[in-house]
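Student: Okay, here's the prediction I keep looking at, along with the sequence it came from:
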Amino acid sequence: MTLAIRPLIAVLLISFASGSFAAPKKPAVLPPPAAPAACADFYNHVNHPWLLTHPLLDGAQSYSRWDEQNSLAEQRTRDLLARSGATNPGVASNLLAALVASAHDQINLDPAAHLVAQPLLAQIDAMRKPRDIPKVIAALHAAGVSAVFGFDALRDAQSGQARLWFYPGGFGLPDPAYYIATDPELQRGVGLYRNYLGELLGFAGVSEDKLAEQANWAFVMEQSLALSMGPATSETFIIDPAQKNSYPARVMTDFTKAQGLSPTQISVQQLAFFRALDTMLEKPSVPQWKAYLRTQVVHALAPALANDLRRPYLAALNMVPAGAVATPASERLAELTRREVAELLSAAYAESYLSSADQQRAEAIAEAVRAAMGRALERAAWLSPEGKAAARTKLAAMRLAIGKPTDPTSFAGLTLDRTSHAGNVLALRRWNRARSLARLGGAPWPSSPVSQAQPAIGYQAGENQLIVSSAALSPPAFDGLSAASSYGSLGALLAQQMSLAFSDFTGNDGFALASRQAGLIAQYSAYPVAGMAMVNGVRMQPQNAADLAAMEIAWDAFNAQGAADLIAQQEFFRAWAAVWARQDTPSALVAAQSVSVFAPAKWRVNGPLVNTPAFAQAFACKPGQAMVSGNPVSIWR
């Protein structure tokens, strides 16, 4: 080290002595390249500042303005799940704030769980005869504890109607085979699960000298139920009220009556499980059933305890990350919300982050786009009269769910207590069960709602519904700053999705539409990708056509609002370009050409605009420039 430094010191001393020393020059920092002209490359012309200020982080393959929108929605969701006071008077916001307050009241979690469990445990303690067991099982379900088996009204995939289902439950290990596992690692996890059953019984008030015996009783009960399971099949039974034994399992007779139900048919998953349950109830050991049902009650409340008793065995079975025994309250609350009451979070998000003024503006844009789509259908000379008539009907019936579901959730009957998280957990389960059971014999069950807390813009063909979630009504899709930018971003995205609803014409109409879109294949296939490949114009043709339709229909909708000056016209097209700002590594771009249905961001902007004469006019682009096509493709223009 000394020898390496001395020559350098000597050089420095000579330099000072001679008076010729100068500080080493910093390497020249070249200024960033200037943005290209609008008529040469509009994507980079508009997005140049964003691209300079958003370089890819090490290891990242891509980053876009849509990632920014997702990050904003995630942060807002975290804020909601940490906020114990509602910031607006919305029903959902106040309910969610009460749930948050109860979840973060660490000192009161266990006392509240004890208070909720006591009346349920008292019913179990009061069991004396075998006939008491089905009644207590029914009472536990009514309280929100799904003991022994699962039961709910679920949507029939074929008819869309609600049907009453019974399915196996009552055991805590993730797979029936775990109960007889011989693998050492699995056996370790099962051993920790048996310890967990003992902890549940201790919480239920069982004396320490009886914990081991009762934990073993509960485990053997679970094991018997788990091993009774056969192939994953389901059967549906028509119920004949005149025959008392018409149910596939006797336990369901008392159970459905206790729930106030008289179904005409039920579906059963794993009928072998319920037959085994019937057999177990013929000559039951009441003390063993008491032990088992005690664990069922406390297990149902485990998410609401101060310490997550489940974590050791779940970590041993690789169901949660190993390490810290405690799970942060915020994570447990987020898990509970997703599992038990996602619609509450969805509604609270909309109440908190979407103003009524912005929602009304977005709805007005959606209706303007619908009107423009109607005009496009009318001027489509290539469509047959029959095709036009069917399209008109479809467009008129299309539901627009902008910032809210078309069938909003009613939270009537749901009451949450700021001081009892355990009580809230069971209240949420009872509320969800009551809502699903209320659908029995009613109208077809609607499809699963889109969460307002998740950015989403899309067309649901089965529902003939165009959806824009509350979280999507934020930049880059919508900023509400001006009509021009709103129509160029949100209006164009709505038009893009709406056009996809009219991409399924058949017969001559289908051939005519395909013919009008055909030029896009050659156009996009000529675009380079990172200098190493070409765009897959064949695979990406449907989406490329939707992007062009977005410009055609949204431009019409925008101009229908009144004559726009040159600045507003340019702002419309700038908004469309800004939507797609994105960074990608060259390798990721090239790899996407073999799997993706979306063209690279640059061509999602430039590709449609070269086919849009209004763009060239707004920016005074001349023939021969890159952003002007000598033979523009037109679909709906």
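Tutor: That came through fine. Source: prediction; values computed, not measured. Numbers count the residues shown, from 1 in each chain.
Student: and Ser384, what does it touch?
Tutor: Gly507, Asn508, Asp509 (C-beta atoms under 8 Å, 6 or more residues apart in numbering). Heads up, the C-betas are built off the backbone N, CA and C, glycines and all.
Student: gap between the last one and Ser499?
Tutor: Asp509 sits at a distance of 15 Å from Ser499 (criterion: C-beta to C-beta, to the nearest Å).
Student: again with Gln214
Tutor: 64 Å.
Student: With neighbour numbers in mind, choose between Asp509 and Ser499.
Tutor: Ser499 (23 against 20; other C-beta atoms under 10 Å).
Student: Quick check: which element contains the more buried one?
Tutor: Following DSSP states H and E, one finds Ser499 within helix 492-500.
Student: Quick check: buried residues in the next helix or strand after that helix?
Tutor: Remark: after helix 492-500, the chain's next helix or strand is helix 507-517, criterion DSSP H and E. For helix 507-517, the neighbour count (16 or more other C-beta atoms under 10 Å) marks Asp509, Ala512, Leu513, Arg516, Gln517 as buried.
Student: same check, this time on stretch 496-507
Tutor: Going by neighbour count (16+ other C-beta under 10 Å), the buried part of stretch 496-507 is Gln496, Gln497, Met498, Ser499, Leu500, Ala501, Phe502, Ser503, Phe505.
Student: pLDDT at the last one, what is it?
Tutor: Think Phe505. Predicted confidence (pLDDT) for Phe505: 95.
Student: contacting residues for the closest residue to it other than its chain neighbours?
Tutor: Excluding the flanking residues, the one nearest Phe505 by C-beta to C-beta, 6 or more residues apart in numbering is Leu513, at 5.2 Å. Residues in contact with Leu513 (C-beta under 8 Å, 6+ apart) are Trp382, Ser503, Phe505, Ile635.
Student: Touching, the second one and Ala545? I think so.
Tutor: Yes: when contacts are counted by C-beta atoms under 8 Å, Ser503 is listed as touching Ala545 (7.2 Å).
Student: can you list residues touching both of those two?
Tutor: Counting by C-beta under 8 Å, 6+ apart, nothing touches both Ser503 and Ala545.
Student: Contacts only, for the spatially closest residue to Lys129 that is not a sequence neighbour.
Tutor: Closest residue to Lys129 apart from its sequence neighbours, by C-beta to C-beta, 6+ apart: Val286 at 7.2 Å. Neighbouring residues of Val286 by C-beta under 8 Å, 6+ apart: Met127, Arg128, Lys129, Pro130, Asp132, Ile133.
Student: show me the contacts for the closest residue to Asn536 other than its chain neighbours.
Tutor: Among residues not flanking Asn536 along the chain, Gln593 sits closest, at 4.6 Å (C-beta to C-beta, 6+ apart). Gln593 makes contact with Val529, Ala533, Met534, Val535, Asn536, according to C-beta under 8 Å, 6+ apart.
Student: if I look at the last one, how far off is Tyr167?
Tutor: If I follow you right, that is Asn536. The gap separating Asn536 from Tyr167 is 44 Å, by C-beta to C-beta.
Student: How about Asn307?
Tutor: In terms of C-beta to C-beta, Asn307 sits 30 Å off from Tyr167.
Student: Compare those two (neighbour count), which wins?
Tutor: Neighbours per residue (other C-beta under 10 Å) separate Asn307 from Tyr167, with Tyr167 holding more: 17 against 14.
Student: okay, the more buried one: pLDDT?
Tutor: Listed pLDDT for Tyr167 reads 91.
Student: where does it fall, phi/psi-wise?
Tutor: The phi/psi pair for Tyr167 (degrees, to the nearest 10) reads phi -150, psi 160.
Student: elements contacting the helix or strand where Ala350 lies?
Tutor: Element membership for Ala350 (DSSP H and E) is helix 342-353. Other elements packing on helix 342-353 under the criterion 3 or more C-beta pairs under 8 Å, 6 or more residues apart in numbering; DSSP states H and E are helix 65-80, helix 91-103, helix 329-340.
Student: Go through these and name the closest to Ala564.
Tutor: Minimum separation from Ala564 across the helices and strands packed on helix 342-353 (C-beta to C-beta) falls at helix 65-80, 24.3 Å.
Student: Now do the closest one: distance to the chain's middle.
Tutor: Centroid separation for helix 65-80 versus its chain: 13 Å, with C-alpha atoms, centre = their mean, to the nearest Å.
Student: Could you do stretch 382-389 as well?
Tutor: Distance of stretch 382-389 from the chain centroid (C-alpha atoms, centre = their mean) equals 37 Å.
Student: then it to PDB, C-alphas only?
Tutor: Provided in PDB are the C-alpha atoms of stretch 382-389 (Å, rounded to 0.1, in the frame of the first residue of the first chain):
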ATOM      1  CA  TRP A 382     -70.000  -1.800 -45.500                       C
ATOM      2  CA  LEU A 383     -72.400  -3.200 -42.800                       C
ATOM      3  CA  SER A 384     -75.500  -5.000 -43.800                       C
ATOM      4  CA  PRO A 385     -78.900  -3.700 -42.600                       C
ATOM      5  CA  GLU A 386     -79.200  -6.700 -40.300                       C
ATOM      6  CA  GLY A 387     -75.700  -6.100 -38.900                       C
ATOM      7  CA  LYS A 388     -76.500  -2.500 -38.200                       C
ATOM      8  CA  ALA A 389     -79.800  -3.300 -36.500                       C
END
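Student: buried set for that stretch?
Tutor: Buried residues in stretch 382-389, counted by 16+ other C-beta under 10 Å: Leu383, Gly387.
Student: Likewise for stretch 454-462?
Tutor: Neighbour-count burial for stretch 454-462, counted by 16+ other C-beta under 10 Å, picks out Gln454, Pro455, Ala456, Ile457, Gly458, Tyr459.
Student: again with stretch 586-604
Tutor: Across stretch 586-604, burial judged by 16+ other C-beta under 10 Å covers Ala588, Leu589, Val590, Ala592, Gln593, Ser596, Ala599, Pro600, Ala601, Lys602, Trp603, Arg604.
Student: For Ser448, give me phi and psi.
Tutor: According to degrees, to the nearest 10, Ser448 has phi -60, psi 130.
Student: average pLDDT for stretch 94-109?
Tutor: Per-region confidence: stretch 94-109 scores 94 on mean pLDDT.
Student: Residues touching it, excluding its own?
Tutor: The contact list for stretch 94-109 (C-beta under 8 Å, 6+ apart) reads 80-86, 112, 304-306, 329, 332-333, 336-337, 341, 344-345, 348, 411, 414, 416-424, 428.
Student: Number of residues surrounding Gln583?
Tutor: Counted with other C-beta under 10 Å, Gln583 comes out at 19.
Student: hey, C-alpha coordinates of the helix holding Ala350 in PDB?
Tutor: The C-alpha trace of helix 342-353 is given here as PDB (Å, rounded to 0.1, in the frame of the first residue of the first chain):
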ATOM      1  CA  ALA A 342     -63.700  -6.900  -0.700                       C
ATOM      2  CA  GLU A 343     -66.800  -5.000  -1.700                       C
ATOM      3  CA  LEU A 344     -66.600  -2.800   1.400                       C
ATOM      4  CA  LEU A 345     -63.100  -1.800   0.500                       C
ATOM      5  CA  SER A 346     -64.200  -1.300  -3.100                       C
ATOM      6  CA  ALA A 347     -67.000   1.000  -2.200                       C
ATOM      7  CA  ALA A 348     -65.000   2.900   0.400                       C
ATOM      8  CA  TYR A 349     -62.300   3.500  -2.200                       C
ATOM      9  CA  ALA A 350     -64.800   5.100  -4.600                       C
ATOM     10  CA  GLU A 351     -66.300   7.200  -1.800                       C
ATOM     11  CA  SER A 352     -62.800   8.400  -0.700                       C
ATOM     12  CA  TYR A 353     -61.000   9.100  -4.000                       C
END
